[in-house]
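**Student:** got a structure for you, letters missing:
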Ligand code: MN
């Protein structure tokens, strides 16, 4: 694929406002140095105010990070250590501001839930990052949805089996564009809400997180070496609930454009 071909693919993805954006480039390796028998797309997210794309490496998610949500999930929201899970990078569904993305209702579930979340995007990495240095790793922020097959998540949890099928499936991570923190500052408080068909479902403040973004980065880096390109879905507030085909979700975080997703 030539550079101009690739640019046109990316522009098409932007114009469509849906689907993970794909390209062929491998960071640090010129395309003509690696021969492969087939093409595996990489995942990129547009950066606001830039013609560059954010390359996605890993998607980390924190569980039960708002006290009222922890209670509704049946756990005690005392400050026990945070826990994390991952989604595959190709779970990203990019949603361009001002557009509504069609989001397919996934297979195997009868209880498909929204979780509106602030997403932090890293451009630096490291291990054992001290709290006071943690936000230096953050390149920017986006609004995301941690879509969840709640019945399968609960079922697997009840059986003490991995959550994978409930959380880490195709298209489970709708997201808006990355807003550089150099333009927006860091998100420590501000309204976060989600409406379904114009009705408010989730409505909270980012300052109600049990573990702040800086604390999440510091804790995560004890378990994993963080790297540029990592995303962190920072948890959802209370009042998660189901959507069905035809429902329109509108997600909001103060300072970011709304995220509009229709279940089809
Ligand atoms: Mn979540």
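**Tutor:** Looks like it came in fine. Because the structure is predicted, anything quoted here is derived from the model rather than measured. Numbers count the residues shown, from 1 in each chain.
**Student:** Quick check: the residue of this structure nearest the ion.
**Tutor:** residue 146 (3.4 Å; Cβ to the ion). Placement of C-beta: from N, CA and C, glycine included.
**Student:** residues touching that residue, list them.
**Tutor:** Residue 146 sits next to 61, 87, 115, 117, 167, 172-173, 233, 236 when contact means Cβ atoms under 8 Å, 6 or more residues apart in numbering.
**Student:** From residue 93, how far off is it?
**Tutor:** Shown here: residue 146 relative to residue 93, a distance of 12 Å by Cβ to Cβ, to the nearest Å.
**Student:** Give the residues shared as contacts by the two.
**Tutor:** Here residue 146 and residue 93 have residue 173 as joint contacts, going by Cβ under 8 Å, 6+ apart.
**Student:** In strands only, show me the contacts of residue 146.
**Tutor:** Secondary structure defined by DSSP state E assigns 61, 87, 117, 173, 233 of those to strands.
**Student:** Turn those into JSON lines, including pLDDT, neighbour count and distance to residue 125.
**Tutor:** Listed next are those as JSON lines, based on pLDDT from 0 to 100; neighbours: other Cβ atoms under 10 Å; distance: Cβ to Cβ, whole Å:
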{"residue": "61", "pLDDT": "98", "neighbour count": "27", "distance to residue 125": "18"}
{"residue": "87", "pLDDT": "98", "neighbour count": "22", "distance to residue 125": "19"}
{"residue": "117", "pLDDT": "98", "neighbour count": "28", "distance to residue 125": "21"}
{"residue": "173", "pLDDT": "98", "neighbour count": "29", "distance to residue 125": "20"}
{"residue": "233", "pLDDT": "98", "neighbour count": "27", "distance to residue 125": "17"}
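**Student:** can you put those in CSV and add distance to the ion?
**Tutor:** Formatted as CSV, these follow (distance: Cβ to the ion, whole Å):
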residue, distance to the ion
61, 5
87, 10
117, 6
173, 10
233, 6
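**Student:** Spatially, which two of these are the most separated?
**Tutor:** Spanning the widest gap among these are 87 and 117, at 11.5 Å by Cβ to Cβ.
**Student:** got the residues of the stretch 51-200 of the chain near the ion?
**Tutor:** Contacts of the stretch 51-200 of the chain with the ion, taken as Cβ under 5 Å from the ion, map to 115, 146.
**Student:** Identify each of the helices in the stretch 151-264 of the chain and give its residue range.
**Tutor:** 164-167, 181-184, 213-223 (DSSP state H, counting those that start in this stretch).
**Student:** for the stretch 1-150 of the chain, same thing?
**Tutor:** With helices called from DSSP H, counting those that start in this stretch, the stretch 1-150 of the chain shows them at 3-16, 67-72, 150-158.
**Student:** Now the longest one: average pLDDT?
**Tutor:** This means helix 3-16. Here helix 3-16 scores 40 as its mean pLDDT.
**Student:** same thing with stretch 222-230?
**Tutor:** Mean predicted confidence for stretch 222-230 is 98.
**Student:** buried set for that stretch?
**Tutor:** Within stretch 222-230, the residues that count as buried by 16 or more other Cβ atoms under 10 Å are 226, 229-230.
**Student:** Other residues contacting that stretch?
**Tutor:** By Cβ under 8 Å, 6+ apart, stretch 222-230 touches 54-60, 84, 121-129, 137, 139, 217, 220.
**Student:** Just give me how far that stretch sits from the chain centre.
**Tutor:** Stretch 222-230 has its C-alpha centroid displaced from the chain centroid by 15 Å (Cα atoms, centre = their mean, to the nearest Å).
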